[in-house]
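S.K.: output the structure for:
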Amino acid sequence: MTDAVKEINAFSPYRLSVAPMMDWTDRHCRSFHRVLSRRARLYSEMVTTGAVLHGPRDRLLAFSPAEHPVAVQLGGSDPADLARAARIAADYGYDEVNLNVGCPSDRVQDGRFGACLMREPGLVGDCVAAMKAAVRVPVTVKCRIGVDDQGEEALDALAEAVVAAGVDALVVHARKAWLQGLSPKENRDVPPLDYPRVAALKRARPTLPIAVNGGIATIPDALGHLSAVDGVMIGRAAYGDPAILLEVDPTLFGEAAPVADAFAAVEAFAPTIADALAEGVRLHTITRHMLGLFNGRPGARAYRRHLSTVGTQSDAGLRDLRDAVAMVSRDWPEATRAA
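M.R.: This is a model prediction of the structure:
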């Protein structure tokens, strides 16, 4: 990277983000992740344009101001519908609108959006252009490096189309998606990772902010990728072991973490949980996103078991969460957490 590009990289809003994940990154998950990092960029679950335009918008799009910076991910392929949905999302206050060009599920293919759009870069460009004309917040795209038997030119063609349309950043999952023969779950692991392909795209387009996604398990790993691209998006690692987000602000931004450790994170999050419980939200709806918080510590299994049994009962509350936390050992060197 040139010095100029490195300077852009150092202050990129996409430096570290948590991926949009269906059934996982809901508003409770995002609120919890924000307790662990002030700087990580958070993404909603994918929301289809049909759901935004005709469904229960408040339930789908509402979020807490504490979640900023937060982006919404849209699924769709009709430029006019995407423009309308983007405008609605921007009016809710999202900091970014992201277009899904990477999901390989059958439902998404049947709707002609997600990863199958890698075959239609011109249409993706039209979608981005329509969204850009509708909103003032950044419009970004999350894609794969290709689908099925596509060659390297697929990613170049998509990048060319969205750059011409004015895209603000591109997030690339560094695997192909196999739309025939692999399940969505298999598509997250089976196709080989090709980080050099994403780095090559960055070299070819040094002024386009590019983030890499796929298989990145630790914050030190993320730091290593930042010598080649502007940002890193992590997904399952952050969800399954959320305590790694405590490393984001010190390691990637040179700032103190918001809380001292995982125990302090629970207490910092407790008022938000109390507010949700008062609104009728069940404890497990929130704490299911916290099950991996103490991974590796003595007592972590008992913590998970308690939240998965007692914590799922209709009258479960903060006391039950604190009872679960009390089962975890505090006498444990942080350096052994990932062991």
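S.K.: residues contacting the residue nearest to residue 61 when sequence neighbours are not counted?
M.R.: In space, not counting the residues next to it along the chain, residue 61 is nearest to residue 92; the distance is 4.8 Å by CB to CB, 6 or more residues apart in numbering. From N, CA and C alone the C-beta is placed, and that goes for glycine too. Taking CB atoms under 8 Å, 6 or more residues apart in numbering as the criterion, residue 92 is in contact with 57, 61-63, 72.
S.K.: so which of those residues are in strands?
M.R.: Under the assignment DSSP state E, those contribute residue 72 to strands.
S.K.: what subset of the contacts of residue 92 is buried?
M.R.: With burial judged by 16 or more other CB atoms under 10 Å, the buried subset of the contacts of residue 92 is 57, 61, 63, 72.
S.K.: helix, strand or coil for the closest residue to residue 79 other than its chain neighbours?
M.R.: Counting by CB to CB, 6+ apart, residue 130 is the residue found nearest to residue 79 once chain neighbours are left out, at 3.7 Å. Under DSSP: H, G, I helix; E, B strand; the rest coil, residue 130 falls in the helix class.
S.K.: residues contacting residue 130?
M.R.: For residue 130, the contacting residues are 79-80, 82-83, by CB under 8 Å, 6+ apart.
S.K.: beta partners of residue 71?
M.R.: Under DSSP bridges, the beta-bridge partners of residue 71 are residue 43, residue 96.
S.K.: OK, contacts around it?
M.R.: With the criterion set at CB under 8 Å, 6+ apart, residue 71 makes contact with 17, 20, 41-44, 94-98, 140.
S.K.: one more: residue 146?
M.R.: If you count contacts by CB under 8 Å, 6+ apart, residue 146 has them with 118, 152, 154-155, 176-177.
S.K.: buried set for the longest helix seen in the chain?
M.R.: Scanning the chain for the longest helix, with DSSP state H as the assignment, gives helix 262-278. When neighbours are counted by 16+ other CB under 10 Å, the buried residues of helix 262-278 are found to be 262-263, 265-266, 268-269, 272-273, 276-277.
S.K.: same question, stretch 316-334
M.R.: For stretch 316-334, the neighbour count (16+ other CB under 10 Å) marks 316, 320-321, 324-325, 327-328, 332 as buried.
S.K.: would you mind listing which of the contacts of residue 146 are buried?
M.R.: Using 16+ other CB under 10 Å as the burial test, the contacts of residue 146 include 118, 154-155, 176-177 as buried.
S.K.: so what does residue 327 look like in phi/psi?
M.R.: Backbone torsions for residue 327, taken as degrees, to the nearest 10, come to phi -80, psi -10.
S.K.: one step back: dump the contacts of residue 130 to CSV, plus secondary structure, distance to residue 181 and pLDDT.
M.R.: Putting the contacts of residue 130 into CSV (DSSP: H, G, I helix; E, B strand; the rest coil; distance: CB to CB, whole Å; pLDDT from 0 to 100) gives the following:
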residue, secondary structure, distance to residue 181, pLDDT
79, helix, 31, 98
80, helix, 34, 98
82, helix, 29, 98
83, helix, 34, 98
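S.K.: redo the residues you listed as JSON lines? Include neighbour count and distance to residue 222.
M.R.: Formatted as JSON lines, the entries for those read as follows, by neighbours: other CB atoms under 10 Å; distance: CB to CB, whole Å:
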{"residue": "79", "neighbour count": "20", "distance to residue 222": "33"}
{"residue": "80", "neighbour count": "13", "distance to residue 222": "37"}
{"residue": "82", "neighbour count": "26", "distance to residue 222": "30"}
{"residue": "83", "neighbour count": "21", "distance to residue 222": "33"}
